[in-house]
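>>> Fold the following.
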Amino acid sequence: MHYGTATSSTLIERIRNPSDEEAWERFARFYQPLILRFARGYGCDPHMCRDVAQETLVDLLTIMPRFAYDRERGRFRAFLYQVVRRRVKSAFRQRRQQTPPGESDSEAAVADPGEPAPEVSEDAWELEWRRQLFLEALVRLRERVRPTSYAAFHAYAVQGEAADHVCEHFHLTTNALHQIRHRLFATLRQLVAEIEAELDEAHRRG
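Predicted coordinates:
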């Protein structure tokens, strides 16, 4: 199941119904990894990250039945960023409140690092958003091309393995590997554009 396909325009309409479990599961499969990575970037520990992701989805269960897209206020991901950011702040407040009595000031400071610098917050969200698009595009790319071509491309262009090692492993010439890289990168860029267009259209109709 595609993560990006999960946020088609029909799905945005479906998640207005809190009882549509299948739609919410598909929605979460695209957005939850994004939320988790963003929370880690803020300094949340694994437990806090899980709480942020779960509580964000609970918030959306309440919000989405009455959510109305407002083009002047930006895209859906900008709205979601505000929800996630509030949840991250709340997670740090809760951890501070749970600090055992008598803990030293230095330990308390570690437990509550305070507000993240403004210059890293929204930029970090946008970076994780682009990363999620890329990861979804890789999923779709894998389904569109020959397994060997994808494996060679992934090893060379994504994982950064040396060209001679990849060529030896997959029995390719250097020229053939470069052609695979060029062709699949072009397809990958197209897929990223398609996924983003799907999301934008879904959110306009949502």
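>>> tell me the centre residue of the protein?
Taking CA atoms, centre = their mean, the centroid of the chain lies closest to Leu34, which sits 2.5 Å from it.
>>> Which element, helix or strand, includes the residue lying closest to it once chain neighbours are set aside?
Excluding the flanking residues, the one nearest Leu34 by CB to CB, 6 or more residues apart in numbering is Gln132, at 4.5 Å. For the C-beta atoms, the positions are set from N, CA and C on the backbone; glycine is no exception. Per DSSP states H and E: Gln132 is located in helix 118-144.
>>> after that helix comes which helix or strand?
Helices and strands here follow DSSP H and E; after helix 118-144, the next one along the chain is helix 147-153.
>>> What would that following helix look like as CSV? C-alpha coordinates only.
Provided in CSV are the C-alpha atoms of helix 147-153 (Å, rounded to 0.1, in the frame of the first residue of the first chain):
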residue,chain,number,x,y,z
PRO,A,147,14.2,-5.4,-9.2
THR,A,148,17.8,-5.6,-10.3
SER,A,149,17.8,-2.0,-11.7
TYR,A,150,16.2,-0.7,-8.5
ALA,A,151,18.7,-2.6,-6.2
ALA,A,152,21.7,-1.3,-8.2
PHE,A,153,20.3,2.3,-8.2
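>>> tell me which residues in it are buried?
Within helix 147-153, the residues scored as buried using 16 or more other CB atoms under 10 Å are Ser149, Tyr150, Ala152, Phe153.
>>> sorry, back to before: who are the packing partners of the helix holding Gln132?
Packing partners of helix 118-144 (3 or more CB pairs under 8 Å, 6 or more residues apart in numbering; DSSP states H and E): helix 21-42, helix 76-97, helix 174-205.
>>> With that, I have no additional questions.
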